[in-house]
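Visitor: Need a 3D model of the following:
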Amino acid sequence: GVIAGSASIEEQPDGTYRARLESVRNLAVGSHAGTLRVQVCADTACRTKYGDQPLPYVFSVLSNENLTTLTPLPGASDWTTFQGNAAHTAYVPVTLDPSRFSSRWLRTIADSRSQDASFAVTGDGKLYFPSNPKSDSVPIAGASRLYALNETDGSPAWQFSGPADTVYLSPAAAAEGRVYVTTAQSGSNSSLWSLVASNGSTGYQIVYPGYDSGQVLMPEYSPVVVGGLLRALTRQPVEICCSGGVANFVQSAAYDLATGEFRWGSTAYPVSASTDGSSDFLYGQSGVEPGIRKLDLATGNELAFYADPADSPSSAFLSPSVVAGSSPEVVSAVGDHLLSLNADSGTINWSKPIDRFSTDSVSYAEGLVFVPSGGGRVTAFGLKTGTELWSWTAPGPSGSEFPMNDDLAQFVGEGRVIGAPIITDNLMFLSTNLRVYAVDLATRSTRWVYPHPGRLSLSANGILYINRIRIGSDTLESDGTVAAINLR
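Guide: Model (predicted):
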């Protein structure tokens, strides 16, 4: 048969009834036909029938594969780090036609016990993403993997696991034929690795201390490659004044990209560096005062410090800064507020409260800052003024061309935008906790829907990758599946 189980019956407000049926899993591609038997009875045993009628049906199962020839999409670059580039804008300067979108492939690869679905990075015709399985919320030593899949068809290229006591792999960075990833071990050390993109073999390994008391460094964002440097979060031992003790502090470090040789480091909050190519911008502290630090990319010397007028030094709700515009402007989502400054003049443009989930960041394109918030909402603010220009809100479990009828979706609603949106010249791609949308920037109308949430990235070949998350998952738990969508 092609129908799984029995129908679920729902009474409608107008007194009619709706039956919901599901097909069996793994049906072959093609047309499927059959006949349902519809009975209306006075009792559950159907001893008294009001009606008994056959109902023929025909439906088609479409292929989820469209393996077109891969060619570079003019204007697009590979998604090499957190939010695509070293400035963390999540902006791709291309114009896309949603009517041409199609499923390229769907692959279940990673361990479905992974609790922290990560975005994929791309380069050299592959995509790379970590899987970090847990058992009862406890990391499983030796189970983490960095997966490399071929963009062409999603076939496995290689995988990397790190040392036997590895309990966590960071999101990766990819550039110049190499892939960079941090492993956190259950012992005293963590490592930053350079891997050959073509086969996963090890180039160099940088070892540094983990947390004290047997804990491990859990890097939240991927490394960044810029200007011949590998920028990454590490921990380094620092002598504690007057006590004679030593503690390991988070450090934003720079290494020679080719050799892994240490160049410089600066104490920082645990977030990825953001850069305009000559200067680094980190949210941190100067003494005890919180704000944005401007560092010379070549030397690590502090060039300027811009105090945060909101005085909110907590790193629990801190995202990497976004370097925007040509001045440049720097936008940081910090705690429960958004801070914008002109990095040349040192002038604070504006600071305003925002409604945020954890460490989700913001996006930037063409003078607009896109801010995800609670209630499934994305708001566009003017970069220079902070003026709210427009907003878009997710339609909710039943308000889409793909309505969510299951109990979990109805219970949790569509109240979260996952990560910062990807912005193109005409579309905004975003995932809620239920679906992925492409929204027209001019009209704010929904142009395309994918009926599953996930972490998003967009490759130089014009492929949208969705590292899928379990529908309605509050913990952003991976379902172990990656979807590739042709965007032309």
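Visitor: distance of the closest residue to Pro163 other than its chain neighbours from Val196?
Guide: Of all residues not flanking Pro163 in the chain, Gln185 sits nearest, at 5.6 Å (CB to CB, 6 or more residues apart in numbering). Where you see a C-beta, it was placed from the backbone N, CA and C, and this is true even at glycine. Applying CB to CB, to the nearest Å, the value for Gln185 to Val196 is 22 Å.
Visitor: between the two, who's got more neighbours?
Guide: Using other CB atoms under 10 Å as the criterion, Gln185 and Val196 rank with Gln185 on top: 20 against 14.
Visitor: State the pLDDT value of the more buried one.
Guide: Looking at Gln185, its pLDDT stands at 79.
Visitor: wait, isn't it in contact with Ser191?
Guide: Yes: the criterion here is CB atoms under 8 Å, and Gln185 meets it with Ser191 at 7.4 Å.
Visitor: Got the phi and psi for Val207?
Guide: Per-residue torsions, Val207: phi -100, psi 140 (degrees, to the nearest 10).
Visitor: Then Arg100?
Guide: Dihedral angles for Arg100 - degrees, to the nearest 10 - are phi -100, psi 0.
Visitor: Let me know the helix or strand that Ala164 is in.
Guide: According to DSSP states H and E, Ala164 maps onto no helix or strand at all.
Visitor: where's the nearest residue in space to it that is not next to it in sequence relative to Ala157, distance?
Guide: Leaving aside its sequence neighbours, Ala164 sits nearest to Gly142 (CB to CB, 6+ apart; 5.3 Å). Per CB to CB, Gly142 is found 21 Å from Ala157.
Visitor: The two: which has the busier surroundings?
Guide: Ala157 (19 against 15).
Visitor: looking at this, the more buried one is in a helix?
Guide: No: secondary structure of Ala157 (DSSP: H, G, I helix; E, B strand; the rest coil): strand, not part of a helix.
Visitor: quick thing: my sequence starts at 182, can you match it?
Guide: With 182 as the first residue, the last one maps to Ala338.
Visitor: quick one: it and Asn331 touch, right?
Guide: Yes: using CB under 8 Å, Ala338 is in contact with Asn331, at 5.2 Å.
Visitor: okay, and for the stretch 332-481 of the chain, where does confidence drop off?
Guide: For the stretch 332-481 of the chain, the stretches with pLDDT under 70 are 368-369, 390-402, 416-431, 449-453, 465-469.
Visitor: Please repeat the previous calculation with a cut-off of 90.
Guide: Scanning the stretch 332-481 of the chain for pLDDT under 90 picks out 343-352, 363-372, 388-404, 408, 412-434, 446-476.
Visitor: What residues are recorded as beta-bridge partners of the spatially closest residue to Val183 that is not a sequence neighbour?
Guide: Closest residue to Val183 in three dimensions, ignoring its sequence neighbours and counting by CB to CB, 6+ apart: His213, at 4.8 Å. Residues in a beta bridge with His213, per DSSP bridges, are Phe240.
Visitor: Let me see the contact set for His213.
Guide: 183, 204, 239-242 (CB atoms under 8 Å, 6 or more residues apart in numbering).
Visitor: Identify the farthest-apart pair in the residues you listed.
Guide: Ser204 and Val239 (12.4 Å; CB to CB).
Visitor: Between these two, tell me which one has more neighbours.
Guide: Legend: neighbour count by other CB under 10 Å for Ser204 and Val239, higher for Ser204 (13 against 8).
Visitor: which residues touch the more buried one?
Guide: 183-185, 213, 240, 242.
Visitor: please redo it, this time with the cut-off set to 6 Å
Guide: By CB atoms under 6 Å, 6 or more residues apart in numbering, the residues touching Ser204 are Val183.
Visitor: now it: how far from Ile184?
Guide: As judged by CB to CB, Ser204 and Ile184 stand 6 Å apart.
Visitor: Near Thr276, how many other residues are there?
Guide: 10.
Visitor: can you check the one 5 residues further on too?
Guide: By other CB under 10 Å, 10 other residues sit near Arg281.
Visitor: What pLDDT is listed against the closest residue to it other than its chain neighbours?
Guide: Counting by CB to CB, 6+ apart, Arg281 lies nearest to Arg669, which is 5.3 Å off, once chain neighbours are set aside. For Arg669, the pLDDT comes out at 95.
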